[in-house]
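Student: based on what follows, work out the 3D shape:
(one chain, ligands or ions: 2)
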Amino acid sequence: MNNLYFQISGLFALILITIVYFSKKRVDTIETRLYAAMLIVSFFAIFFDILIIYITYIYGADGAMLLLQILNKFYFCFLLLWVYIFASYIFNVSFDLKEKNFKLHKFLRYIGIVIYIISAIIIFVLPVYIYDKDNIMYSYGPSLLFLLIMASIQILMITIFVLIKVKDIKNKKYTPVYILIILMVLALVMNRIDPGVLVTTAIITYINLVMFFTIENPNVKMINELNIAKEQAEKANLAKTDFLSNMSHEIRTPLNAIFGFSQSIEEEESIPDSIIDDVKHIKMASNNLLELVNGILDISKIEANKLEIINNEYRAHNLLEEVVALAKGRMGDKPLEFRTNFDKSLPEVLYGDHSRLKQIMVNLLTNAVKYTEKGYVEFKVSCVRKNDVCRLIISVEDSGIGIPKEKINRLFTKFDRMDVEKFNSIEGTGLGLAITKKLVELMNGNIVVQSEYGTGSTFTVAVDQKMVDNKEYINLDNTIKLDLKNLNFHDKRVLVVDDNKINLKVAVRLLTNYGVYIDEVDSGQKCLDKITNGEKYDLILLDDMMPKMSGVETLKKLRKIEEFKTPVVALTANAIAGMKEKYLTDGFDDYIPKPIDRKELNRIVVKYLE
Ligand code: ATP
Ligand code: MG
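Tutor: Ligands and ions are numbered 1, 2, ... in the order given. Okay, here's the model as predicted:
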């Protein structure tokens, strides 16, 4: 009967651990769940152990052989279950599969359960015998042997997990494993000396106790605090994004004035060449500023995960022409050879986000031009067709300063610029490639860099674009070649609505060229008044962000007036990508971003007034 002391004290210790563990607030993780299961399983194992010893003591092994055999098999099953759960606990500590590969995790769990069930059935089928003589009692036989083999396999697997993660060998979560192995060796030795000493329960209890102290159970209070901090940080980030988009709007308004007036000075006849030159520089500088603002806006959208890809049909060649024109503009008077090499088999019309694609190409070309002093910049675009998809391979090669090997993997991180000290004359924010990479990823494409320091670099992008066989689109030539002199808009009436006086002036100034009659008001309400008073217009340019009544609200009210049929074009500094689509779904007929570009204005005028 001396055996029972181990079991009873083990049971008490276990009950104590269980009470403390379950009364403490726990964070719900796989590990804490497995540990809870281990505690419950241990409880049953010890309970059966005690029952077996007690019944043997009262009736003797021969007196209740069948009952004892059944109880023993239950006991074995719980022991094996405990080892299984312990193994999966160590597995989880070693490999965080749930986060990385949820499917594999689920699959392994099912496999584990199936193997366990089969093992349990085998334990029940195989015979077990009970030795009970001279106050020494133990069980033996094939069932026990099978249990030992299965448990050894589990412990071997646990050892392998630890060996695979040998770098983490000091991780305190592995302590139970070491202790288990030591205890098992001790148990084997003790069993040799005295086979009647049943130490299994003691081992289980001891391991449970050790795990109680080594399990990762982060403080619930701390987690709450962290969550609050996270929320605050997210709020602050949102405020930053808001601030940036407001700022960009605010910066665009004065830019619109600078850009618009320079444009109209440039168009003026009888202006000395020197002034035209200055104006060109003003325009270029404001364009750079605009790009900067757009870049900051893009990066803040990327951070807020708000950057969207908006697909539309577009003409591949038009896009490339625009990009080349922009890149050549950037070259200024640098002595560079600009080569282009476009695949002849490039489809006419593609389906994708052409404005983002343009941004990608422009970013790469701008860099190539910026970081190359002499030699060449080569812009290649080819197409690999597969079914209705065309994989565009865009490559930009230069003979510039190149990028040192060790810096290549830092290339796509925002604000990171290389050799700033050495090339501090080259301006830039370090956002270009970060945005480019994100855009390429959003389009499910790839970007790679090859570069040799001092010799040059090649950036290659591959993105899939759908091919569209749209005859109508092909026939519709949307490159408007406008001969203003031959057009006569004298009988046309245009209304411009903008709360900002300077913006109104810019729009009026740019519209004067077309010879139209121009009316201007500075609020949505005044625009509504004009229309309800019976004024007729052929076109309305309506700013969106106005105090009191926004452009969108004004438009909604206008559309409610029955006889109102005038096309309304959104004229807005809210020019982030995707805005055009938003305004079109809001019911605007078209959209011009500020700063107003002459070409865009030409397009609108011809489309709605001709
Ligand atoms: P911006 O935000 O105005 O584009 P940036 O050009 O400095 O600024 P990225 O376009 O992100 O920023 O480029 C990051 C860095 O990578 C650059 O500072 C430059 O050092 C290096 N780099 C990029 N393209 C090239 C290139 N073609 N040749 C050499 N170095 C390059
Ligand atoms: Mg750049």
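
Student: which part of the chain gets nearest to ligand 2, residue-wise?
Tutor: Relative to ligand 2, the nearest point of the chain is Gly432 (2.8 Å; CB to the ion). Using the backbone N, CA and C atoms, a C-beta is placed for each residue, glycine as well.

Student: the nearest residue to that residue once chain neighbours are set aside in helix, strand or coil?
Tutor: Closest residue in space to Gly432, ignoring its immediate chain neighbours: Asn363 at 4.5 Å, by CB to CB, 6 or more residues apart in numbering. Secondary structure of Asn363, reduced to three states by DSSP: H, G, I helix; E, B strand; the rest coil: helix.

Student: got a list of what Asn363 touches?
Tutor: For Asn363, the contacting residues are 432-433, 435-436, by CB atoms under 8 Å, 6 or more residues apart in numbering.

Student: in helices only, show me the residues you listed.
Tutor: 432-433, 435-436 (DSSP state H).

Student: hmm, back to that, pick out the most distant pair among the contacts of Asn363.
Tutor: Leu433 and Ile435 (7.3 Å; CB to CB).

Student: kindly state the pLDDT recorded for the residue nearest the centre of the chain?
Tutor: Geometric centre of the chain, nearest residue: Asn305, 6.8 Å, by CA atoms, centre = their mean. Reported pLDDT at Asn305 in the predicted model: 75.

Student: equivalent analysis for the one 5 residues further on, please.
Tutor: At Ile310 the predicted local distance difference test score is 81.

Student: do the same with Lys106
Tutor: So Lys106 comes in at 86 (pLDDT).

Student: tell me how far it lies from Gly112.
Tutor: The gap separating Lys106 from Gly112 is 11 Å, by CB to CB, to the nearest Å.

Student: more neighbours: the two, which one.
Tutor: Gly112 (15 against 12; other CB atoms under 10 Å).

Student: the more buried one contacts Asn92, correct?
Tutor: No - Gly112 sits out of contact with Asn92 when judged by CB atoms under 8 Å, with a separation of 11.5 Å.

Student: tell me which residues in stretch 440-447 are buried?
Tutor: Residues of stretch 440-447 classed as buried: 440, 443, 445, 447 (neighbour count, 16 or more other CB atoms under 10 Å).

Student: if you could redo that for stretch 507-523, that was the one I meant.
Tutor: For stretch 507-523, a neighbour-count test (16+ other CB under 10 Å) marks 507-511, 513-514, 516, 518-523 as buried.

Student: just these: which has the poorest pLDDT?
Tutor: Pick the lowest pLDDT in the buried residues of stretch 507-523 and you get Asn513, at 83.

Student: looking at the protein, which helix or strand does the model trust least?
Tutor: helix 471-475 (a mean of 47; mean pLDDT, DSSP states H and E).

Student: past that one, which element shows up next along the chain?
Tutor: Using DSSP states H and E, the helix or strand that follows helix 471-475 towards the C-terminus is strand 493-497.

Student: by contact count, what packs against the one helix or strand Ile207 maps to?
Tutor: Per DSSP H and E: Ile207 is located in helix 200-214. If contacts are counted by 3 or more CB pairs under 8 Å, 6 or more residues apart in numbering; DSSP states H and E, helix 200-214 sits against helix 4-23, helix 30-59, helix 65-94, helix 175-193.

Student: check which helix or strand His249 maps to.
Tutor: Counting by DSSP H and E, His249 is part of helix 220-267.

Student: any residue of stretch 442-454 up close to ligand 2?
Tutor: No - applying CB under 5 Å from the ion, one finds stretch 442-454 separated from ligand 2 by no less than 12.9 Å.

Student: just the CA trace of that stretch, in CSV.
Tutor: Output of stretch 442-454 as CSV, limited to C-alpha atoms (Å, rounded to 0.1, in the frame of the first residue of the first chain):
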residue,chain,number,x,y,z
LEU,A,442,-0.5,45.5,-55.7
MET,A,443,-0.6,44.7,-59.3
ASN,A,444,0.7,41.2,-58.5
GLY,A,445,3.9,41.8,-60.4
ASN,A,446,7.6,41.6,-59.7
ILE,A,447,10.5,44.1,-59.6
VAL,A,448,14.1,43.1,-59.7
VAL,A,449,17.4,45.1,-59.8
GLN,A,450,20.7,44.3,-61.3
SER,A,451,23.4,46.8,-60.7
GLU,A,452,27.1,47.2,-60.7
TYR,A,453,28.6,50.0,-58.7
GLY,A,454,30.1,52.6,-61.0
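
Student: where does pLDDT dip in the stretch 301-450 of the chain?
Tutor: 414-428 (pLDDT under 70).

Student: one more: the chain?
Tutor: 1-3, 98-99, 195-198, 216-221, 414-428, 470-487, 574-578.

Student: list the residues that contact Trp261.
Tutor: Not quite, residue 261 is Phe, not Trp. Contact analysis of Phe261 by CB under 8 Å, 6+ apart lists 506, 509.

Student: so it versus ligand 1, what's the distance?
Tutor: As judged by CB to the nearest ligand atom, to the nearest Å, Phe261 and ligand 1 stand 26 Å apart.

Student: distance check, that residue against Leu601.
Tutor: Distance, Phe261 to Leu601, using CB to CB: 14 Å.

Student: how about Glu535, what does it touch?
Tutor: 495, 519 are the contacts of Glu535 under CB under 8 Å, 6+ apart.

Student: going forward, the N-terminal residue is numbered 362.
Tutor: Noted, 362 is the first residue going forward, which turns the last one into Glu896.

Student: and it, that one's in a strand?
Tutor: No - Glu896: not assigned to a strand; according to three-state DSSP it is coil.

Student: distance of it relative to Val929?
Tutor: 14 Å.

Student: what is the burial count for Glu758?
Tutor: 21.

Student: that one: which element?
Tutor: Using DSSP H and E, the element containing Glu758 is strand 750-759.

Student: so which bits of that strand are buried?
Tutor: Going by 16+ other CB under 10 Å, strand 750-759 has these buried residues: 751, 753-759.

Student: same question for stretch 499-506.
Tutor: 499-500, 504-505.

Student: same question for stretch 704-722.
Tutor: 708, 710-715, 717-722.

Student: possible to save those as a markdown table with secondary structure and distance to Thr536?
Tutor: Converted to a markdown table, the buried residues of stretch 704-722 look like this (DSSP: H, G, I helix; E, B strand; the rest coil; distance: CB to CB, whole Å):
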| residue | secondary structure | distance to Thr536 |
| --- | --- | --- |
| Pro708 | coil | 64 |
| Val710 | strand | 66 |
| Leu711 | strand | 60 |
| Tyr712 | strand | 59 |
| Gly713 | strand | 56 |
| Asp714 | coil | 54 |
| His715 | helix | 59 |
| Arg717 | helix | 53 |
| Leu718 | helix | 55 |
| Lys719 | helix | 58 |
| Gln720 | helix | 54 |
| Ile721 | helix | 52 |
| Met722 | helix | 57 |
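
Student: next, Phe850: phi, psi?
Tutor: Dihedral angles phi and psi of Phe850 (degrees, to the nearest 10) take the values phi -110, psi 20.

Student: contacts only, for the residue lying closest to Phe409 once chain neighbours are set aside.
Tutor: Using CB to CB, 6+ apart and skipping residues adjacent in sequence, the residue nearest Phe409 is Tyr436, 3.9 Å away. Neighbour list for Tyr436: 406, 409-410, 413 [criterion: CB under 8 Å, 6+ apart].

Student: wait, which of those is closest to ligand 1?
Tutor: Distances from ligand 1 to those, taken as CB to the nearest ligand atom, are shortest for Ala406 (61.5 Å).

Student: mind checking if the helix or strand that contains Ser818 is in reach of ligand 2?
Tutor: Using DSSP H and E, Ser818 sits within strand 817-828. No - Strand 817-828 lies out of reach of ligand 2 by CB under 5 Å from the ion, never closer than 10.6 Å.

Student: buried stuff in that strand?
Tutor: Buried, per 16+ other CB under 10 Å, within strand 817-828: 817-824, 826, 828.

Student: can I assume Val810 sits in a helix?
Tutor: No - counting by three-state DSSP, one finds Val810 to be strand, located in no helix.

Student: and the residue lying closest to it once chain neighbours are set aside, bridged to which residues?
Tutor: Distance criterion CB to CB, 6+ apart; nearest residue to Val810, sequence neighbours excluded, is Phe820 at 5.5 Å. Applying DSSP bridges to Phe820 gives these bridge partners: Val757, Val810.
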